[in-house]
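*Asks:* Structure here, sequence nowhere to be found:
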């Protein structure tokens, strides 16, 4: 894993492409540029670990290209739970809950991710409150959809267990 310049990656990907990211939806061009320049951009090769179980969570990540796989430890196994793709956020819940990372995230392809630290998140709130509100709605919407998927999954598991 290495760091890359956010402005250069933004030029390479294009602002139109970044606007299509779920986390960036309806954000102003200026806010996207702000995050790309003030955040840390990680370039990962397939197999690189972004987050390890138990690490402190003072940030979250937005997938700019590629994909990452999330693994959760159980009593005796490590289970693949979810694949994160372009525009999705990783770790927002842990940052807000101020809990250590509950699982491990590994690049499943060559990828770029934007790291948004809690300090940058707060600074965006202070300096660009309207864009911060939009970002928060986007992140909440993504989280709500995952919760609905989990509810359905739990219901199906319970139904299967009764058979």
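*Replies:* Here it is on my side, so go on. The model shown is predicted, which means the values in this text are computed figures rather than measured ones.

*Asks:* Pop out the phi and psi values for residue 43.
*Replies:* phi -100, psi 120 (degrees, to the nearest 10).

*Asks:* My read is that it contacts residue 5, right?
*Replies:* No - the pair residue 43 / residue 5 is not scored as a contact, 10.4 Å apart, by C-beta atoms under 8 Å. Every C-beta, even on glycine, is put in place using the N, C-alpha and C of the backbone.

*Asks:* burial measure for residue 59, as a count.
*Replies:* Applying other C-beta atoms under 10 Å, we find 21 residues neighbouring residue 59.

*Asks:* Apart from its neighbours in sequence, what residue is nearest it?
*Replies:* In this structure, residue 59 finds its nearest non-sequential neighbour in residue 117, 4.3 Å apart by C-beta to C-beta, 6 or more residues apart in numbering.

*Asks:* ok, residue 43 and residue 5, which is more surrounded?
*Replies:* residue 43 (18 against 12).

*Asks:* Tell me what that one is bridged to.
*Replies:* Note on residue 43: beta-bridge partners by DSSP bridges are residue 2, residue 112.

*Asks:* which residues of the chain fall in strands?
*Replies:* 2-4, 40-44, 49-51, 59-65, 68-73, 78-84, 89-90, 103-107, 111-117 (DSSP state E).

*Asks:* Tell me which strands the third one pairs with, and in which orientation.
*Replies:* Strands that pair with strand 49-51, judged by DSSP bridges, come out as strand 103-107 (antiparallel).

*Asks:* which outside residues touch the partner strand?
*Replies:* Here strand 103-107 makes contact (C-beta atoms under 8 Å, 6 or more residues apart in numbering) with 44-53, 61, 66-73, 78, 81, 84, 90-91.
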